[in-house]
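Participant: Structure for the following, please:
(one chain, ligands or ions: 1)
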Amino acid sequence: MSHSNDKGLRIYQDVFELERMHYGMWQPDEGLSYDNLKAAQQRYETFLIEHVPEGASSILDVGCGTGVMTRVLLAAGFEAEGLSPDIHQKRIFTEKCDAPFHHTTFDDFVPARQYDCLIMSESAQYINSAKLFANARTALGGDGHLLICDYFVLENATGIFRKSGHDYEPFLQEAEREGWELVENLDITEQVVKTLDAAMLAVNKLRLTLQIISERSREKHPKRFKLLNWLFRKKIDKYEQQILLLDSKRFSENKTYRFLKYRVSGA
Ligand SMILES: C[S@@+](CC[C@H](N)C(=O)[O-])C[C@H]1O[C@@H](n2cnc3c(N)ncnc32)[C@H](O)[C@@H]1O
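Facilitator: Down below sits the predicted model:
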């Protein structure tokens, strides 16, 4: 069971005042600001709701994060439940939603009931694909819809960009082999990547702030700073690699962010 880094979640929520854990969908003319990021994230939730198949009433929000989407689903009149292996998300979800929460990975989930629809909003990438399709079929009772919104790795991807996300074409092929009908496949990469630009802007501002703050000490003690750089070179390298992931152009060259609507039928 995952015990996530609570500090990360607290910084995200308390410092940046962001409770949502997805990219969001931006409009082309929107500038990079917190307000626009929040608006983009809300737009994405509306987009997901609009894509819930007609007639579906019970929905499992798989990898529900802090429960924002579940709350939106409940408000829209759906019978929604949340699932996450993260103990801190369980606490936040329970505060936010009057709905059942399943504290488990989807890989290990044993459903006690059946749902009309499953939503995996930026969580499919964490779930073993064989388990994903098998357990989704069980949770839907062999009949229903699976909505996936996530990024996938393109065939030509290299380096650190290969690391997170399912491989795109093999994922689609596996779904087909497992009997899932692809009802809709939308490429929304262009709409989501502005979130990376916003994050890059924040990181660069933070870097500049640190540079300004440390300017005088760096001038006074250049050797000490050189030594610190050397001692922490591995950590610094790791951070630089992480920052590389915020490059929206490289993201689009290596990944594709998709909305996939699947249907399974015939138990
Ligand atoms: C990037 S967050 C997305 C949260 C939320 N769905 C959203 O759109 O804001 C990824 C979520 O997947 C969950 N997760 C990670 N591994 C998982 C697994 N194996 N099964 C189910 N959920 C998982 C995390 O705990 C987290 O809630």
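Participant: What are the buried residues along the longest helix along the chain?
Facilitator: Counting residues, the longest helix in the chain under DSSP state H turns out to be helix 194-220. Neighbour counts using 16 or more other Cβ atoms under 10 Å place 194-200 of helix 194-220 among the buried residues. All C-beta spots, glycine's among them, are computed from the backbone N, C-alpha and C.
Participant: Redo those as a markdown table? Include distance to I87 and pLDDT.
Facilitator: Putting the buried residues of helix 194-220 into a markdown table (distance: Cβ to Cβ, whole Å; pLDDT from 0 to 100) gives the following:
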| residue | distance to I87 | pLDDT |
| --- | --- | --- |
| K194 | 32 | 94 |
| T195 | 26 | 92 |
| L196 | 28 | 92 |
| D197 | 32 | 92 |
| A198 | 29 | 89 |
| A199 | 26 | 86 |
| M200 | 31 | 87 |
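Participant: Provide the backbone phi and psi angles at the residue nearest to V183 when sequence neighbours are not counted.
Facilitator: Spatially, and ignoring its direct neighbours in sequence, V183 is nearest to K261 (4.5 Å; Cβ to Cβ, 6 or more residues apart in numbering). Here is the backbone geometry of K261 (degrees, to the nearest 10): phi -110, psi 120.
Participant: List the contacts of K261.
Facilitator: Contact partners of K261, counting by Cβ atoms under 8 Å, 6 or more residues apart in numbering, are 51, 53, 145-148, 182-185.
Participant: that older thread, now look at the longest helix of the chain and say if it contacts the ligand.
Facilitator: No: using Cβ under 6 Å from any ligand atom, no contact is recorded between helix 194-220 and the ligand, whose separation bottoms out at 11.7 Å.
Participant: if we can go back for a sec, how close does the residue nearest to V183 sit to I213?
Facilitator: K261 sits 49 Å away from I213, going by Cβ to Cβ, to the nearest Å.
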